[in-house]
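K.L.:
Okay, predicted coordinates and the sequence, questions at the end:
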Amino acid sequence: MTYFSFFKSESLLLWRHKQDTLNALLFFVIVVTLFPLGIDATPDFLTVSAGGIIWCATSLAVLMSISRMYREDYEDGSLEQWLVSGLYLPFLILLKVTVQWLFMIAPLLLILPIVGGMLYLSEESFWVLVATLLLGSPSLFLIGSIGAALTVSLQQGAMLLMLLILPMYIPILIFATSAIKASEIGLPYLGSLAMLLAISLLSLVFAPFMAAASIKASVNE
Amino acid sequence: MQSADFLTITDLWIERGERVLCKELSFSVQSGEVIRILGENGAGKSSLLKALLGTVLIDEGSILYLGEDITADRSNLHKDTLYIGHSVGLKKALTVRENLALYCPDVSIEGYQPILEELGLAPFLDMPVNKLSQGQARRTALSRLWLTQKSLWILDEPFSALDDQACLLLEKKIEQHSLAGGVVLLTTHIPLSSIQPRELEFAV
Amino acid sequence: MSWAWFHKLGSTKWFFLWFKNWPLPLFLVGVLVFLMGIIWGLAFAPEDYQQGNSFRIIYIHVPAAILAQSCYLAMGIASFVFLVWRMKLSPIFISAVAPIGALMALIALITGSIWGKPTWGTWWVWDARLTSVLVLFLLYMGIIGLHNAFEDKRVADKAVSVLGLVGLVNLPIIKYSVEWWNTLHQGATFSLTKSPEMPMEMWLPLLIALLGLSCLLASLVLWRMQTTIMKREMKSNWLKQEVLKNGL
């Protein structure tokens, strides 16, 4: 196994399981749809809340889709093979998270104009939304992968994972939505974007090691 | 100076939960040896293999690899090790060819056509692994023995789900490997016909 | 420099024998001091000129909130120690302290919302500090849930340590972001850098209540740790001898 062959096969696997990605996107759309139906469908409400709605839906969809990202690897013995491959485990995890991120975020960005239009998001704010997603979503995946690694050996891990990881998403959610809100009312938003970038960089340095430690513990069981 | 053993295991102590799997187990492995680990079901044979690999934690003891202490960091050992466990690590959604490309990226599958024929895998190269039978999947995993060059093979029940012909083929390969100076550690329940491994009794 | 003391601290046997007789006196002192602080605060401290008597709930609210955070900090540090040095005592400490920290966070939440009723007119306000205590409570529950989810305690120890460490890094970020998101509440009651704005007759009983509650919690944590050590070292000789010789 090499880093490149690992990257290639992970991409190929996600491509074979493209239905899962599609389901996650549909889940995202459904959650977004619930807000106008459940709260208020007037543009007054939706324009202000669009950022928050989209970010809540994104966090949930991301967490749902990566909650089982190591599950198959755990069951078919791949995790053991990673550990004895002589390759550096945190880097393998980083590669896997990168592939997951690319496969989820690219189609999400594609449908975003439609969803943004449905929520009456202004054009200026739309681009801020795209920026928050690009800067903030890596940390969603990186932090989520720690949770996925922690719960990989548990049968009923998904709910626990939500409980473990969603609190950690709060800062990301706050900075992302406040950037969008600020741009909506014409205030500066670069500070919030910088915070998102900082959180992503911090998780980039930290998360692969934490996930690796959890995977080692889970395989040991 | 005497050259170092391939592996030296000293006073190994493994506990799993409440259970002590082994106490003060010591043995050494020379190049060219085939070692079969004996023990009852659930005695912890697989755990011992995993402990050598570092995926099961050891509580005490030390492991030397070519004279170098690798108890804390097995990465040097891993570079020269091929491990095939109970779950073989094949990706179900990928084909045989793609799985081999994942694990043996440096070789071209075409160069190994004869051995893949002999293992009965040649017709299934482009079939996803979840469509294969158990024996075929295991043979796919075992074909890595032919496709890679590693000195240490750690094989956990490699003969399970194999037919007689494949068993013979595998035994022959193990023999060749040991003649070439390689080391094999394995567990198995079936009697071996052509090779006489050194046996290591494993009980507390 | 000798590290012997550090490794000694990691030995469950040493810890058990050394602290065996501490919990009960610590508990009694804690109860006494805490009651002293509470009674002083409730009965003798002057009334607040704005909030009247309702402010007196801080004599429970503030110690509980401070201790909920300190417990998490201690837990995070223990996680780090375990992941780096594999100190056996750390996970025992973590599992002992987590429910107590969660209880403190819960008390802080309940007293906070009781305090909120006369002050803000509602039971709950999305104010920065209440919200971050809520998040803290959820983080505690996550740790407890994860710990209970594993059969094998060794895996549980490792997983909980990872989560504790991740939480430790995240907690200041969460706190900062929530504060930045909304600040309605009055500023921190205690500050290490500037002199307290409360009159001394008000904050001295608060300090005493905090000290008392800390001792109380420390004794509970020690008790819980001793129970866990006894459970884990059930088969070891030193424990048998100790129990046979000196009783429990």
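P.N.:
In hand now; what should we look at?
K.L.:
Those residues of chain A touching chain B, which are they?
P.N.:
Residues of chain A lying near chain B by C-beta under 8 Å from any C-beta of the partner chain: A:1-2, A:4-6, A:8-9, A:12-13, A:16-17, A:72, A:75-78, A:80-81, A:83-86, A:216, A:219-220. Every residue, glycine included, has its C-beta placed from N, CA and C.
K.L.:
Next: chain C.
P.N.:
So far as C-beta under 8 Å from any C-beta goes, chain C lies against chain B at C:152-154.
K.L.:
if you skip the residues just before and after it, what's nearest to the residue of chain B found nearest chain A?
P.N.:
Residue of chain B nearest chain A, by C-beta to the nearest C-beta: B:S87 (2.9 Å). Of all residues not flanking B:S87 in the chain, A:G77 sits nearest, at 2.9 Å (C-beta to C-beta, 6 or more residues apart in numbering or on different chains).
K.L.:
ok so the residue of chain B closest to chain A is a strand residue?
P.N.:
No. Going by DSSP: H, G, I helix; E, B strand; the rest coil, the assignment for B:S87 is coil, not a strand.
K.L.:
got a list of what it touches?
P.N.:
A:75-77, A:80 (C-beta atoms under 8 Å, 6 or more residues apart in numbering or on different chains).
K.L.:
among the residues you listed, who's most crowded?
P.N.:
Using other C-beta atoms under 10 Å in any protein chain shown as the neighbour criterion, A:E80 leads the contacts of B:S87 with 23 neighbours.
K.L.:
how close does that one sit to A:I215?
P.N.:
10 Å (C-beta to C-beta, to the nearest Å).
K.L.:
quick one: the residue lying closest to A:I66 once chain neighbours are set aside and A:L25, what's the gap?
P.N.:
Leaving out its chain neighbours, the residue that sits closest to A:I66 by C-beta to C-beta, 6+ apart is A:G144, at 4.8 Å. The gap separating A:G144 from A:L25 is 17 Å, by C-beta to C-beta.
K.L.:
neighbouring contacts of stretch A:12-26?
P.N.:
Residues outside stretch A:12-26 that contact it (C-beta under 8 Å, 6+ apart) are A:61-62, A:64-65, A:99-100, A:103-104, A:107-108, A:111, B:91, B:93-94, B:98.
K.L.:
residue boundaries of the strands in chain A?
P.N.:
Along chain A, no segments are classed as strands by DSSP state E.
K.L.:
Okay, now the unreliable bits of it?
P.N.:
Across chain A, the ranges flagged by pLDDT under 70 are A:221.
K.L.:
Looking at it, what residue ends up closest to chain B?
P.N.:
Residue of chain A nearest chain B, by C-beta to the nearest C-beta: A:G77 (2.9 Å).
K.L.:
shouldn't that residue be in contact with B:G85?
P.N.:
Yes. Using C-beta atoms under 8 Å, A:G77 makes contact with B:G85 at a distance of 5.6 Å.
K.L.:
which strands and helices sit next to the longest helix seen in chain B?
P.N.:
What stands out as the longest helix in chain B, according to DSSP state H, is helix B:164-179. Other helices and strands packing on helix B:164-179, by 3 or more C-beta pairs under 8 Å, 6 or more residues apart in numbering or on different chains; DSSP states H and E, are strand B:34-38, helix B:134-142, helix B:144-147, strand B:183-187.
K.L.:
got a list of contacts for that helix?
P.N.:
Contacts with helix B:164-179, where a contact means C-beta under 8 Å, 6+ apart, come from B:32-34, B:118-120, B:135, B:139, B:142, B:145-146, B:153, B:158-159, B:162, B:184, B:186, B:190, B:192-195.
K.L.:
check whether the helix or strand containing C:L130 contacts chain A.
P.N.:
According to DSSP states H and E, C:L130 maps onto helix C:128-149. Yes. Helix C:128-149 reaches chain A (C-beta under 8 Å from any C-beta) through C:135, C:138-139, C:141-142, C:145-146, C:149.
K.L.:
When you filter the residues you listed down to buried only, what's left?
P.N.:
The neighbour count (16 or more other C-beta atoms under 10 Å in any protein chain shown) marks C:135, C:138-139, C:141-142, C:146, C:149 as buried among the residues of helix C:128-149 next to chain A.
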